[in-house]
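Asker: coords please:
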Amino acid sequence: MELDKEKAGKKLKDILDRMNDTDALALHEYYKLYKKEIPFFKRSWAAAWLFMHYDGKDVSKLKSNISAASDEANETNETNEKSTLIVIPENESKRLFISVGKNRRLFPREIISLLMTNTSTAREDIGIIRILDNYSFVQVRDTKADEIIEKLSGFRFRGRNLTINYAKPKTAETDAE
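Answerer: All right, here's what the predicted structure looks like:
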């Protein structure tokens with residue numbers, strides 16, 4: 001089953017038109033719930049899934065096509081760092097806390113550059129990056145974690161000395177928030 005981009009584009013336009021004609025207060029309530037229940041980094045994916053469902057695509061039939069396309073894209077984009085999301089298994093990774101966040105206008109590409117430039121860390125050793133207002137979390141391969149902490153703790157970045165250490169494990173209280 002192939003995606004008809006022209007037809008899907010028309011449906012997206014229809015969604016935007018209908019959205020503009022919707023009661024703003026009701027839409028705002030859905031918007032708040034969406035933001036509360038769906039983590040920031042998954043919101044675009046959730047919206048894409050909802051659109052796919054709205055477009056009437058049978059997910060089970062798409063799985064084999066998506067898997068094949070994903071394999072092909074990974075082969076094609078192996079050298080393109082920006083388009084590849086690196087997923088490191090939990091048992092091979094550590095999560096690091098970095099004392100800089102959105103308030104310093106930080107983006108994932110800058111964290112990647114910081115790690116690769118100042119340590120022997122390769123792009124494949126850097127996984128999921130989560131940037132919050134005042135600090136960030138970075139998943140790195142466990143073999144690189146100690147080197148990153150050693151070389152970048154106290155490193156001057158964006159006008160402040162960085163604090164980098166192992167992130168505290170998530171607790172039930174943190175997950176509930």
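Asker: grab the nearest non-local neighbour of the residue positioned nearest the centre of the chain.
Answerer: Taking Cα atoms, centre = their mean as the criterion, residue 41 is the residue nearest the geometric centre of the chain, at 4.4 Å. Nearest non-adjacent residue to residue 41, counting by Cβ to Cβ, 6 or more residues apart in numbering: residue 130, 6.8 Å away. Every C-beta, even on glycine, is put in place using the N, C-alpha and C of the backbone.
Asker: show the contacting residues for the one you found.
Answerer: Contact analysis of residue 130 by Cβ atoms under 8 Å, 6 or more residues apart in numbering lists 41, 136-138.
Asker: repeat that with 7 Å
Answerer: With contacts defined as Cβ atoms under 7 Å, 6 or more residues apart in numbering, the neighbours of residue 130 are 41, 136-137.
Asker: what do you get for residue 134?
Answerer: The neighbours of residue 134, taking Cβ under 7 Å, 6+ apart as the test, are 101, 103.
Asker: show me the shaky parts of the protein.
Answerer: Counting by pLDDT under 70, the low-confidence segments of the chain come to 1, 57-84, 171-177.
Asker: redo that, cut-off 90
Answerer: Along the chain, the model assigns pLDDT under 90 to residues 1-91, 104-105, 158-160, 168-177.
Asker: give me the domain ranges for it.
Answerer: Here the chain is described, according to automatic domain parsing, as comprising the domains 5-76, 90-176.
Asker: report the secondary structure state of the residue nearest to residue 41.
Answerer: Reducing the assignment to helix, strand or coil with DSSP: H, G, I helix; E, B strand; the rest coil, the entry for residue 130 is strand.
Asker: repeat for residue 95
Answerer: In terms of secondary structure, residue 95 is strand; the call rests on three-state DSSP.
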